[in-house]
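Enquirer: Take a look and give me a structure for this.
(one chain, ligands or ions: 1)
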Amino acid sequence: MSERIAVYPGSFDPIHNGHLDLIERCRPMYDRLVVAVLRNEAKRALFSVDERLEIIRELIGERHPAGDGGDSGDSGDGGGCEVRSFSGLLVHFMDEVGARVVVRGLRAVTDFEYELQMAMMNRRLNPRVETVFMAPKEEYNYLSSSLVKEVFSLGGDLTGLVPDPVLARLRRHFAKA
Ligand code: PNS
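Expert: Sure, this is the predicted structure:
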């Protein structure tokens with residue numbers, strides 16, 4: 001039987017506990033889960049893609065070859081979970097890694113329209129691709145990377161919402177700014 005491979009795509013700028021919860025819960029559902037960080041030069045990000053890859057790898061315990069950095073060339077094994085970057089269309093990346101399933105978290109009704117639109121466009125572009133929506137743990141239902149950055153920059157307490165390595169990097173970034 002062929003491997004069941006799923007891709008969890010996103011900006012992850014930065015990754016937070018809602019993302020991590022979703023990764024942990026969908027990991028056992030597939031033979032391989034690829035966490036895919038979008039390289040989008042047009043979007044201003046707080047963390048570079050390489051920094052985001054490094055943070056996620058640290059958190060999911062992925063071993064990866066030295067000299068990482070390039071699109072899709074950076075893989076490793078973290079117990080069926082790996083972290084890669086991609087640019088261009090998600091459906092092209094899906095073909096490249098041989099995945100059929102896109103995993104996305106659905107927090108509130110407000111996510112629904114955008115997510116449904118993306119799921120349908122992705123299926124239109126590549127009929128092999130199906131999107132699976134997962135509900136986050138209740139305590140992370142309101143959590144987003146944008147809120148994490150805003151709350152941190154204004155001195156709010158993010159305890160329990162982001163992992164320590166992210167907190168440490170947020171401190172470093174905002175100390176520099
Ligand atoms: O975490 P985000 O920013 O909500 O993730 C959005 C993401 C990366 C999943 C989406 O922007 C994406 O897939 N971009 C790749 C380009 C693409 O395929 N666009 C067409 C989507 S229908």
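Enquirer: For Arg128, list the residues it contacts.
Expert: 94-95, 100 (CB atoms under 8 Å, 6 or more residues apart in numbering). For every residue, glycine as well, the C-beta is placed using N, CA and C.
Enquirer: Those into CSV, with extra columns for neighbour count and distance to Asp21?
Expert: Shown next, in CSV, are those (neighbours: other CB atoms under 10 Å; distance: CB to CB, whole Å):
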residue, neighbour count, distance to Asp21
Met94, 25, 23
Asp95, 13, 28
Arg100, 16, 23
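Enquirer: nearest to the ligand, of those?
Expert: For the contacts of Arg128, the closest approach to the ligand (CB to the nearest ligand atom) belongs to Met94, at 9.3 Å.
Enquirer: Identify the residue nearest that closest one in space, chain neighbours excluded?
Expert: Val129 (5.5 Å; CB to CB, 6 or more residues apart in numbering).
Enquirer: what's the burial count for the one you found?
Expert: Neighbour count of Val129, defined by other CB atoms under 10 Å: 19.
Enquirer: From Pro14, how far out is it?
Expert: Between Val129 and Pro14 the computed distance is 27 Å (CB to CB, to the nearest Å).
Enquirer: End to end on stretch 155-167, go ahead and measure it.
Expert: In stretch 155-167, first residue to last residue: 12 Å (CA to CA, to the nearest Å).
Enquirer: what sits up against that stretch?
Expert: By CB under 8 Å, 6+ apart, stretch 155-167 touches 14-17, 20, 55, 58-59, 139-140, 143, 148, 151-152, 170.
Enquirer: With respect to the ligand, which of these is nearest?
Expert: For those, the nearest to the ligand is Ile15 (10.0 Å; CB to the nearest ligand atom).
Enquirer: Checking the closest one next. Helix, strand or coil?
Expert: Under DSSP: H, G, I helix; E, B strand; the rest coil, Ile15 falls in the coil class.
Enquirer: That one touches Ile56, doesn't it?
Expert: Yes - with contact defined as CB atoms under 8 Å, Ile15 reaches Ile56; the gap is 5.5 Å.
Enquirer: Near the ligand, which residues of the chain? Just list them.
Expert: 9-11, 38, 89-90, 118, 121-122 (CB under 6 Å from any ligand atom).
Enquirer: give me that answer again for 8 Å
Expert: Within the chain, the positions adjacent to the ligand are 9-13, 36, 38, 40, 43, 86-93, 102, 104, 114, 117-119, 121-122, 125, 145 by CB under 8 Å from any ligand atom.
Enquirer: What ranges in the protein fall below the confidence cut-off?
Expert: Applying pLDDT under 70 to the chain flags residues 62-78.
Enquirer: In it, what residue spans correspond to helices?
Expert: Applying DSSP state H to the chain gives helices spanning 17-26, 49-60, 90-97, 109-125, 145-153, 164-176.
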